[in-house]
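Q: Show me the folded form of this:
(chains A and B)
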Amino acid sequence: AQSVAQPEDQVNVAEGNPLTVKCTYSVSGNPYLFWYVQYPNRGLQFLLKYITGDNLVKGSYGFEAEFNKSQTSFHLKKPSALVSDSALYFCAVRETYGNNRLAFGKGNQVVVIP
Amino acid sequence: DARVTQTPRHKVTEMGQEVTMRCQPILGHNTVFWYRQTMMQGLELLAYFRNRAPLDDSGMPKDRFSAEMPDATLATLKIQPSEPRDSAVYFCASGLVLGTGRDEQFFGPGTRLTVL
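A: Okay, the predicted model is just below:
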């Protein structure tokens, strides 16, 4: 069964510094990988996805993620964090030929310090 | 701007009462998901529909929870009887799956349920 691990509970970063949120996955076949963001009292919003092709995927709000098959990782990155990036970030994985269920990680709270 | 809508946004009820949560998926989407979010368990999948047919409800307590799609524009999640441990935020999400599973899910704003 597919699964995702987000090893850190909270990521603290100073405004203007690079932001990285880590994610590793486990699937039996090729993965489809997703990042979502959740702001307080809101639903999850789609940020970006990796399906195939270029390992570096660019998404909304200046975020990008790098797919690394050998390390089974899909870390989310932003070159310069904003205070407004403070939110809960979820990584998710789906098997290419499995059912359409997404397996979500537990989420990482990102706190950007002014 | 198409979006998933959920009602009610907040619900406070007493233990033993019936709770019904509603979701209107994005028009044209053929999959609907129900999730529950709590601090302890994170995001859990409760049920999954494709073309209105339930494909997976293994995450749902069968004795008290039920999920249905009476038509393509409405999905419901019902709890009867409700218990304090059901207190959580319940999200509905919809998506368009064309056999490849490539498409993302779109989430509603959630229903915050408190069972006293």
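Q: From chain B, how far out is A:N12?
A: Separation of A:N12 from chain B (Cβ to the nearest Cβ, to the nearest Å): 19 Å. The C-beta positions use only the backbone N, C-alpha and C, and glycine is treated the same way.
Q: What is the burial count for the residue of chain A found nearest chain B?
A: Residue nearest to chain B within chain A: A:G43 (3.6 Å; Cβ to the nearest Cβ). As a burial measure, A:G43 scores 21 neighbours (other Cβ atoms under 10 Å in any protein chain shown).
Q: how about it, what does it touch?
A: A:G43 makes contact with B:V4, B:F91, B:A93, B:F107, B:G108, B:P109, B:G110, according to Cβ atoms under 8 Å, 6 or more residues apart in numbering or on different chains.
Q: Tell me the predicted confidence for the closest residue to it other than its chain neighbours.
A: Excluding the flanking residues, the one nearest A:G43 by Cβ to Cβ, 6 or more residues apart in numbering or on different chains is B:F107, at 3.6 Å. With respect to pLDDT, B:F107 scores 94.
Q: how about the contacts of A:G43, which pair is most distant?
A: Across these, the longest distance by Cβ to Cβ is 11.1 Å; it joins B:A93 and B:P109.
Q: where do the strands sit along chain B?
A: Assigned by DSSP state E, chain B shows strands spanning B:5-7, B:10-13, B:19-24, B:31-38, B:42-50, B:53-56, B:65-71, B:74-79, B:88-95, B:106-107, B:111-115.
Q: follow-up on the earlier one: shared neighbours of B:A93 and B:P109, which are they?
A: A:G43, B:V4.
Q: Columns distance to A:S84 and mean neighbour count on top of the strands of chain B, output as TSV?
A: Putting the strands of chain B into TSV (distance: least, Cβ to Cβ, whole Å; neighbours: other Cβ atoms under 10 Å in any protein chain shown) gives the following:
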stretch	distance to A:S84	mean neighbour count
strand B:5-7	25	15
strand B:10-13	25	14
strand B:19-24	28	19
strand B:31-38	22	22
strand B:42-50	22	20
strand B:53-56	36	13
strand B:65-71	35	15
strand B:74-79	32	19
strand B:88-95	22	24
strand B:106-107	19	22
strand B:111-115	23	19
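Q: what's near enough to touch B:C23?
A: For B:C23, the contacting residues are B:V4, B:T5, B:Q6, B:V32, B:W34, B:L74, B:A75, B:T76, B:L77, B:C92, B:S94, B:G108, by Cβ under 8 Å, 6+ apart.
Q: Quickly, which of the strands of chain B bottoms out on average pLDDT?
A: When those are ranked by mean pLDDT, strand B:53-56 comes last with a mean of 87.
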